[in-house]
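Asker: model this:
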Amino acid sequence: MMLNELVNLVAEKRKEINKEKIEKDLRDILNQLSAMRESIEKLKEIKLKMILCDEEIKEIRDDILSTSDPTTLSKLVSVLYTKTLDCYNRKEEERRKKLEEERKKIEELNKRLMLYKKIFKNVLGENIDIYLLNDQAEDLEREIQKGEEQLKGLYEKLKVKVGDKLDLLIQLIYSNEIEVNKENYSEVIELVKFLIDKGITISIRLSK
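Answerer: All right, here's what the predicted structure looks like:
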């Protein structure tokens, strides 16, 4: 092989090697750009959710801010994405259960308020205004607090008018019956006398 042919061959091989390297580098860059675009989309999706989960993702968030390597950054963003969604979904479920419990509590308080109103009207002959709680209110905890305070005030007023028989009366109005035994016999008799004095007819039923 002549010298000029050898030189040309070496030059061609060098071009091929450089071309392969350039193509590989270009593929790597394109892959990194694609991964970065995916990372940006993930960050956009979880941007608001990250606020709710700030404490739980603080460490991985700090790791992201401290790296400049695209590959590492993409991997960390994927971890952040998963952690944030897991945290957010868990907190949303907790919030849903809390709302469900608060609305159930409001329903129970409203039933109690209506029961007290019924006692005032049907037993004492008094019409009173009550505030029924709104289970769609923005602050359900505050709504429950208002209901409990209202119930306490109504109970105290009834206690003054009915006396120690009040709890038995509430039980009777609530369930339409009272189980009489040796322990509560005297209190039941007092309650019956109280109701008869108010002009209320009492039915007695025996059960085996």
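Asker: next SSE after the lowest-mean-pLDDT helix or strand in the chain?
Answerer: Lowest mean confidence among the helices and strands of the chain (mean pLDDT, DSSP states H and E): helix 3-52, at a mean of 66. Later in the chain than helix 3-52, the nearest helix or strand by DSSP states H and E is helix 58-65.
Asker: Which elements pack onto the following helix or strand past that next one?
Answerer: Once the chain leaves helix 58-65, the next helix or strand it forms, by DSSP H and E, is helix 70-118. In terms of contacts (3 or more CB pairs under 8 Å, 6 or more residues apart in numbering; DSSP states H and E), helix 70-118 is packed against helix 3-52, helix 58-65, helix 140-162, helix 166-175. Yep, even glycine has a C-beta here, placed from its N, CA and C like the rest.
Asker: distance of the residue nearest to residue 126 when sequence neighbours are not counted from residue 60?
Answerer: Distances taken as CB to CB, 6 or more residues apart in numbering place residue 120 nearest to residue 126, at 4.6 Å, with adjacent residues excluded. Here residue 120 is placed at a distance of 59 Å from residue 60 (CB to CB, to the nearest Å).
Asker: How about residue 191?
Answerer: 65 Å.
Asker: Please list all residues in contact with the residue nearest to residue 126.
Answerer: With CB atoms under 8 Å, 6 or more residues apart in numbering as the criterion, the residues that contact residue 120 are 126, 127, 128, 154, 158.
Asker: Which phi and psi values does residue 138 adopt?
Answerer: Backbone torsions of residue 138, given as degrees, to the nearest 10, read phi -70, psi -40.
Asker: tell me, how many neighbours does residue 122 end up with?
Answerer: 12 (other CB atoms under 10 Å).
Asker: Equivalent analysis for the one 4 residues further on, please.
Answerer: Using other CB under 10 Å, the number of residues around residue 126 comes to 12.
Asker: Need the pLDDT of it.
Answerer: pLDDT for residue 126: 90.
Asker: and if you look at the one 4 residues further on?
Answerer: The model reports residue 130 with a pLDDT of 92.
Asker: From what I see, it and residue 114 are in contact.
Answerer: Yes: counting by CB atoms under 8 Å, residue 130 touches residue 114, with 7.5 Å between them.
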